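> Below is the structure, and that's it, no one-letter string:
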């Protein structure tokens with residue numbers, strides 16, 4: 001339990017360092033976090049904020065992914081990867097989102113990320129790219145949902 005409290009305290013310190021854009025120190029502190037889940041969350045937070053600010057986030061993203069996979073439990077790994085993928089999608093970083101999604105073992109959850117990417121692309125008018133992603137979705141229910149959303153987006157564009 002003490003490990004968890006120590007990890008939370010370090011995570012809070014990292015939040016302040018990120019707020020001050022002191023990413024180098026934030027990374028150094030994150031490396032010392034004993035709790036694997038909190039460590040992965042800290043690295044994720046740093047990577048997302050660096051990406052949001054246009055900083056070079058590629059090295060910290062590698063550390064983030066390593067920390068996520070060190071958590072060990074498939075469910076926790078899937079949850080962390082999905083969260084990270086959605087954050088990168090919200091930043092408009094489609095390639096990174098798809099790369100992260102490809103690491104998700106659970107087909108249904110991976111498919112959900114792919115579907116959201118496809119819908120995002122469709123909203124930007126990138127219909128061929130959206131269709132290609134939808135066609136590669138393995139979960140049939142998610143594929144059907146994404147196709148329906150794509151059709152709705154196309155109808156909306158036609159009405160505008």
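Good, I have the coordinates. Just so it is clear, the structure is predicted and the values come from calculations on it, not from any experiment.
> what about the chain, any weak spots by pLDDT?
Residues of the chain meeting the criterion pLDDT under 70: 159-160.
> tell me how far stretch 98-109 is from the chain's mean position?
10 Å (C-alpha atoms, centre = their mean, to the nearest Å).
> List the contacts of the longest helix seen in the chain.
Assignment by DSSP state H gives helix 140-159 as the longest helix of the chain. Contacting residues not belonging to helix 140-159 are listed as 108, 111-112, 114-115, 118-119, 122-123, 125, 127, 130-131, 134, 137 [C-beta atoms under 8 Å, 6 or more residues apart in numbering]. Bear in mind the C-beta positions are built from the backbone N, C-alpha and C, glycine included.
> Could you do stretch 17-25 as well?
Stretch 17-25 has contacts (C-beta under 8 Å, 6+ apart) with 26, 29, 45-46, 49-50, 53, 55, 60.
> All the helices of this structure, residue numbers only.
2-19, 23-30, 36-52, 58-70, 74-90, 94-101, 107-123, 127-135, 140-159.
> Right, I'll leave it there.
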